[in-house]
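Colleague: just to be clear, the model below is a prediction. Sequence and coordinates:
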Amino acid sequence: MGTFDLAGIERTRVLKAADRYLSEAPVTVTAYSSPRSAGGRHDYFSEGDYWWPDPQNPDGPYIQRDGMTNPENFVEHRRAMIRLSLIVPALAAAYKITRKPEYSAHATKHLRAWFVDEATRMNPNLRYAQAIKGRFTGRGTGIIDTLHLVEVARAARQLDAPPEQMNGVKNWFAAYLEWMTTHEYGIAERDAKNNHATCWATQVAAFAQITGNADLLNFCRRRFKTVLIPNQEAADGSFPEELRRTKPYGYSLFNLDAMAILVQTLTTPEEDLWKWQMPDGRGMARAMAYMFPYMADKKKWPLPPDVMYDQEWPVRQPCLLFAGLALPKPEYVALWRKLDPDPTVEEVLRNFPVRQPLLWV
């Protein structure tokens, strides 16, 4: 593919964001609360996106409207976490480019607030995520919210942070991993049939990497090859569970990105999961080949448009860059370069968890 200067491509964008973030103070879950949360001040809380008041019973349990986001739901903890996932990776990428200590120091300040300091840290569980009024105080599906910590964990490993601070961060992720892999909510997510199972594995792999948990990394490799690809990918490379949703285009992209992040995390010189495939040819190369034409020209998409946010996709999907470099497919990288790297629509940010490829390539 010739020389690919990712740092050169990204430098201006990264430094512009990082310089802005140097003046941003940490904001954690302790800054916001909801009377509908069954948890305490340090517990992350969110509500199921597609659940609404019942017009026939306004004070009763919420009812579902798939794909339609209720703007009245409590989302402040999620917004704070997404903010963290914007700030820390940008600062880490700027530190990687410049080696200026102020970038690393400020990123460490945010990590300390979220994961170490007793006054502001988040409890390492998601017992109260994706709650539904009148139905559940929390659900396993809420674990998808911490997909935004994947790039935070990746960034943390590339900072020059004091050892005692990094140990505190690693201890938090170790505790969260223990909860994710043993609590009934975590088990339910692991065994889901769609993007939720992908996102569980993507998170476990990322958090196992920062904590040095080789057993869980190997578990995720096996899971990708024996469960995720066999159960989710059709013969043509599509993801049928995502195609049947009311936002099939966005969900297909989201699941493909989550798998790409997982594979980028797990690939080693000894085992290249980008090139791995089942005997029938299913694998990441085929999944990318299925979706690429619709990223390049969305008008070719054969299904109805997404019920919300259809025009906002695609953006600079990480799967394009990762697969483009690994397979190699120069046309994927060329498209990646043309797409928007910094979307501002909240729904897009929520489903676009890797934004600093310098930390990954």
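Modeller: Now that the structure is in, tell me what you want to look at.
Colleague: which pLDDT does the model give residue 48?
Modeller: On the pLDDT scale, residue 48 is placed at 89.
Colleague: what does residue 68 give?
Modeller: pLDDT, read off for residue 68, is 88.
Colleague: now residue 220
Modeller: pLDDT for residue 220: 98.
Colleague: residue 93 and residue 314, how far apart?
Modeller: The gap separating residue 93 from residue 314 is 22 Å, by Cβ to Cβ, to the nearest Å. Any C-beta I mention is one placed from the backbone N, CA and C, and that applies to glycine too.
Colleague: who has more neighbours out of those two?
Modeller: A direct count of neighbours by other Cβ atoms under 10 Å for residue 93 and residue 314 places residue 93 higher, at 29 against 24.
Colleague: packing partners for the helix or strand hosting that one?
Modeller: In the assignment (DSSP states H and E), residue 93 maps to helix 76-98. Here helix 76-98 touches helix 6-21, strand 45-47, helix 101-115, helix 150-156, helix 346-350, going by 3 or more Cβ pairs under 8 Å, 6 or more residues apart in numbering; DSSP states H and E.
Colleague: give me that answer again for 10 Å
Modeller: helix 6-21, strand 45-47, helix 101-115, strand 128-131, helix 150-156, helix 346-350 (3 or more Cβ pairs under 10 Å, 6 or more residues apart in numbering; DSSP states H and E).
Colleague: quick one: closest of the ones you listed to residue 271.
Modeller: Closest to residue 271 of the helices and strands packed on helix 76-98 is helix 150-156 (Cβ to Cβ; 19.4 Å).
Colleague: packing partners of the closest one?
Modeller: Going by 3+ Cβ pairs under 10 Å, 6+ apart, helix 150-156 lies up against helix 76-98, helix 101-115, helix 163-182, helix 195-211, helix 248-266.
Colleague: buried set for the helix or strand that contains residue 331?
Modeller: Here residue 331, judged by DSSP H and E, is contained in helix 330-338. By 16 or more other Cβ atoms under 10 Å, the buried positions in helix 330-338 come out as 332, 333, 335, 336.
Colleague: for it, C-alpha coordinates in PDB please.
Modeller: Extracted in PDB, the C-alpha atoms of helix 330-338 (Å, rounded to 0.1, in the frame of the first residue of the first chain):
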ATOM      1  CA  PRO A 330      -6.400   0.600  -0.200                       C
ATOM      2  CA  GLU A 331     -10.000   1.400  -1.300                       C
ATOM      3  CA  TYR A 332     -11.100   1.000   2.300                       C
ATOM      4  CA  VAL A 333      -8.500   3.500   3.500                       C
ATOM      5  CA  ALA A 334      -9.300   5.900   0.800                       C
ATOM      6  CA  LEU A 335     -12.900   6.000   1.800                       C
ATOM      7  CA  TRP A 336     -12.000   6.300   5.500                       C
ATOM      8  CA  ARG A 337     -10.000   9.400   4.600                       C
ATOM      9  CA  LYS A 338     -13.000  11.000   3.000                       C
END
